[in-house]
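Asks: build me a model from this:
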Amino acid sequence: MSTVCRPVARSFVSVDPVVPAEGRPHGHVSLPQRGRLPSGPLLPAAPRPGVLVSVRRRLKRVKRLLRETRMFALAMLAPDRPIVAQIIVTRRCNLACGYCNEYDRCSDPVPTASLLRRIDRLAELGTTVITLSGGEPLLHPDLDRIVARIRERGAMAALLTNGTLLTGERVRRLNRAGLDYLQISIDNRAPDAVSKKSLSVLDHRLVWLASLAEFQVTINSVVGVGIDNPEDAYEIARRARGLGFTSTVGVVHDHKGQVQPLDEAHRNAIDRILRLNTSLFSFAQCDQFQENLSLGRANHWHCRAGGRFLYVCEDGLVHRCSQQRGTPGIPLESYSAADLVREAGRPKPCAPFCTVSCVHRVAVLDSIRERPAETLTAMLDRQKKRNPGFEASWLVKLLFWLFVNPCHACLWAGLARRMFGVTHRTL
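Replies: Residues are numbered from 1 along each chain as shown. Sure, this is the predicted structure:
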């Protein structure tokens, strides 16, 4: 499906002249001198969106909450359905980050017709969230149409991007296509030899998002091997929160998705970032996994990749995740309910020290489904320990009422089955 080309050297970072930014020469990305921040104000105040944008944003937030409620209900009621699927739309990327093993420099985009068929197949399997990734997915010429197809099939549409190709018009097009979530991972404050996904490079694009985006934006900062200044991660998270975005933190892993223990400075950065998050539930926060990994401790959990989480490569094959490509390696078009059950149930030897957070998030939902009282209580206790003044929201209280009391759980299960037409008996 993709053009065969030589592997990319990992020792340099560059920017391809692919898509012009608004008001800049074709292919130009302004970069400060190495190790320095640009002169003048780096972090302008968060802009106020226009009235129409604010109204549309609020309406879409309400609709998204209702669809997220449906996603959660299906995750609780149907243990054999995929919750999240990640699709590669192109392996090509305009950057060459030193730690990344998921890109090349010359592949053609996956044909649109093939991607639409894959989305249809994932919908048939019952997938509730479909994430577009790469490479750099904004390089795909029909990305808007692909996002729209996900929404037409009733799934949540998410996009993982390095952000360098975003423009004001591109944000408006993603709004019109119906995008639900966008995530940008920012590695440092200023470019270095490993990565140019820097706050100083991307901040003006974040301002566009804050002003124009009608979808939820998450900014992920990173710590770990190869990150020289972990304090950058905290500053990036603070900037994200200041712009009204969700902030998360990830740990850099090796080519097999594994991680080395972190030193005290990196662990402190993670803790400070998590303290910024005042919500008990975040689609991108799995702090217990990260805490254990940062200390070099194994996580004891059952990974359901290949069943609850699917990774579909550019050739249309299903893999467990981005770091375990080749297993099971079955074409999506023939991937069956039996395959979902088998792969979800198989033990994965890589699980104890895995850092693939999207699979962790799926595991949290399954933990709530299987051990609601234990899981919800532990999550609440950790949040109160981190933020002593934390007060549970009405949603958290409702979840406790629904799941912790067995009578309420049975009532909820019966009602949800009728509402969403699920016949599996799982609660």
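Asks: which helices and strands does the longest helix seen in the chain pack with?
Replies: As assigned by DSSP state H, the longest helix anywhere in the chain is helix 51-77. Contacts defined by 3 or more Cβ pairs under 8 Å, 6 or more residues apart in numbering; DSSP states H and E place helix 51-77 against strand 156-161, helix 357-370, helix 406-420. To be clear about C-beta, it is placed using only N, CA and C from the backbone, and glycine gets the same treatment.
Asks: mind exporting the C-alpha coordinates of stretch 243-263 to PDB?
Replies: Extracted C-alpha coordinates of stretch 243-263, given in PDB (Å, rounded to 0.1, in the frame of the first residue of the first chain):
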ATOM      1  CA  LEU A 243      -5.200  28.600  26.700                       C
ATOM      2  CA  GLY A 244      -8.100  26.500  27.900                       C
ATOM      3  CA  PHE A 245      -6.800  23.200  26.600                       C
ATOM      4  CA  THR A 246      -6.500  19.800  28.400                       C
ATOM      5  CA  SER A 247      -2.900  19.000  29.400                       C
ATOM      6  CA  THR A 248      -1.400  15.600  29.800                       C
ATOM      7  CA  VAL A 249       2.100  14.200  30.200                       C
ATOM      8  CA  GLY A 250       3.700  11.200  28.600                       C
ATOM      9  CA  VAL A 251       6.900   9.200  29.200                       C
ATOM     10  CA  VAL A 252       9.300   8.700  26.300                       C
ATOM     11  CA  HIS A 253       9.700   5.000  25.500                       C
ATOM     12  CA  ASP A 254      12.100   3.000  23.400                       C
ATOM     13  CA  HIS A 255      11.300   1.400  20.100                       C
ATOM     14  CA  LYS A 256       9.500  -1.500  21.900                       C
ATOM     15  CA  GLY A 257       7.300   0.800  24.000                       C
ATOM     16  CA  GLN A 258       9.300   0.200  27.200                       C
ATOM     17  CA  VAL A 259      10.700   2.800  29.600                       C
ATOM     18  CA  GLN A 260      13.600   3.300  31.900                       C
ATOM     19  CA  PRO A 261      13.200   4.600  35.500                       C
ATOM     20  CA  LEU A 262      13.100   8.400  35.800                       C
ATOM     21  CA  ASP A 263      15.300  10.500  38.000                       C
END
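Asks: how far does that stretch sit from its chain's centre?
Replies: Relative to its chain's centre, stretch 243-263 lies at 12 Å (Cα atoms, centre = their mean, to the nearest Å).
Asks: pull up the gap between Ala298 and Val249, please.
Replies: Per Cβ to Cβ, to the nearest Å, Ala298 is found 20 Å from Val249.
Asks: higher neighbour count, those two?
Replies: Using other Cβ atoms under 10 Å as the criterion, Ala298 and Val249 rank with Val249 on top: 29 against 11.
Asks: tell me if I am right that the more buried one is in a strand.
Replies: Yes: under DSSP: H, G, I helix; E, B strand; the rest coil, Val249 falls within a strand.
Asks: isn't it up against Ala233?
Replies: Yes: between Val249 and Ala233 there is a contact under Cβ atoms under 8 Å: 5.9 Å.
Asks: common neighbours of these two, please.
Replies: 221-223, 269-270, 273 (Cβ atoms under 8 Å, 6 or more residues apart in numbering).
Asks: for Val62, the count of nearby residues, please.
Replies: For Val62, the count of nearby residues is 9 (other Cβ under 10 Å).
Asks: follow-up on the earlier one: now, the shared contacts of Val249 and Ala233 that are in helices?
Replies: Those of the shared contacts of Val249 and Ala233 lying in helices (DSSP H): 269-270, 273.
Asks: out of these, which are buried?
Replies: Burial by neighbour count, judged by 16 or more other Cβ atoms under 10 Å, picks out 269-270, 273 from those.
Asks: who's in contact with Pro47?
Replies: Pro47 sits in contact with 207, 210-211, where contact means Cβ under 8 Å, 6+ apart.
Asks: most neighbours, which of those residues?
Replies: Ala210 (20 neighbours).
Asks: my read: it touches Pro49, true?
Replies: Yes: with contacts counted by Cβ under 8 Å, Ala210 reaches Pro49, the gap being 7.5 Å.
Asks: roughly how far is the longest helix of the chain from the heart of the chain?
Replies: Offset of helix 51-77 from its chain centre (Cα atoms, centre = their mean): 17 Å.
Asks: in the chain, which strand is the longest?
Replies: strand 216-223 (DSSP state E).
Asks: tell me which other helices or strands the helix or strand following that strand touches.
Replies: The helix or strand immediately downstream of strand 216-223 is helix 231-242, counting by DSSP states H and E. Using 3+ Cβ pairs under 8 Å, 6+ apart, the elements in contact with helix 231-242 are helix 199-212, strand 216-223, strand 246-251, helix 264-276.
Asks: the inter-axis angle of the third one versus helix 231-242?
Replies: Okay, so that is strand 246-251. For strand 246-251 against helix 231-242, the angle by axes from the mean of the first three to the mean of the last three Cα atoms, to 10 degrees is 160 degrees.
Asks: show me what strand 246-251 is packed up against.
Replies: strand 216-223, helix 231-242, helix 264-276, helix 287-294.
Asks: and the third one, which residues are buried?
Replies: Using 16+ other Cβ under 10 Å as the test for burial, helix 264-276 gives 266-274.
Asks: what comes into contact with the helix or strand hosting Val318?
Replies: Assigned by DSSP H and E, Val318 belongs to strand 317-319. With contact meaning Cβ under 8 Å, 6+ apart, strand 317-319 is reached by 306, 310-313, 325-332, 335, 339.
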